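# 3D, please:
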Amino acid sequence: MFNRRTGVLITALASGTTVGLGLAISGMNNTERVLGFLDLAGQWDPTLAFVMGSGLVVAFIGFKFVLKNSAPLFADAFSIPTRTDIDKALVIGAILFGAGWALVGYCPGPAIAGLSYGYSAPLLFVATMIAGLLLAKRVGKLL
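Numbering: from 1, shown residues only. You can find the predicted model right below:
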């Protein structure tokens, strides 16, 4: 029987598969390509800029169509962030994200997609990412 939960799961699977395929086809699972993009002083590889730019264009156009609806297909309302302030947690998170990305060449999406290759590097990255998320959740409760 097809219900809301089934629709959400099928949509999540289709979306995740599409993103994973896009990352693989564009080579963004290749840490050397990502690190090449971040190496402005050496052999700079602009490929990632084109991938990110393409994603922004698709998202911009998609949001224009989707937000004309009164609600998403599988929810009662849109969940759009309303905060616009920049706080300490956002800045620290951005610094940690950028530092981790620059050190190893992975960010969460490509690392998770990279798990399908069976290499140890994405597995180690994802495991430490999950540990970091759990630690951040615990530290956040202490602050």
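# L35 in helix, strand or coil?
helix (DSSP: H, G, I helix; E, B strand; the rest coil).
# where's the nearest residue to it once chain neighbours are set aside relative to L73, distance?
Closest residue in space to L35, ignoring its immediate chain neighbours: G105 at 4.4 Å, by CB to CB, 6 or more residues apart in numbering. All C-beta spots, glycine's among them, are computed from the backbone N, C-alpha and C. As for G105, its distance to L73 is 36 Å (criterion: CB to CB, to the nearest Å).
# and if you look at D39?
Distance, D39 to L73, by CB to CB: 42 Å.
# for the residue nearest to L35, give me phi and psi.
Dihedral angles of G105 (phi, psi; degrees, to the nearest 10) stand at phi 80, psi 10.
# and for L103?
L103 adopts backbone torsions of phi -70, psi -40, taken as degrees, to the nearest 10.
# one step back: so between G105 and L73, which is more surrounded?
Ranked by neighbour count (other CB atoms under 10 Å), G105 and L73 place G105 first, with 22 against 10.
# so what's the more buried one up against?
Shown in contact with G105 (CB atoms under 8 Å, 6 or more residues apart in numbering): T31, E32, R33, V34, L35, L38.
# and those, which of them are buried?
Using 16 or more other CB atoms under 10 Å as the burial test, the contacts of G105 include T31, R33, V34, L35 as buried.
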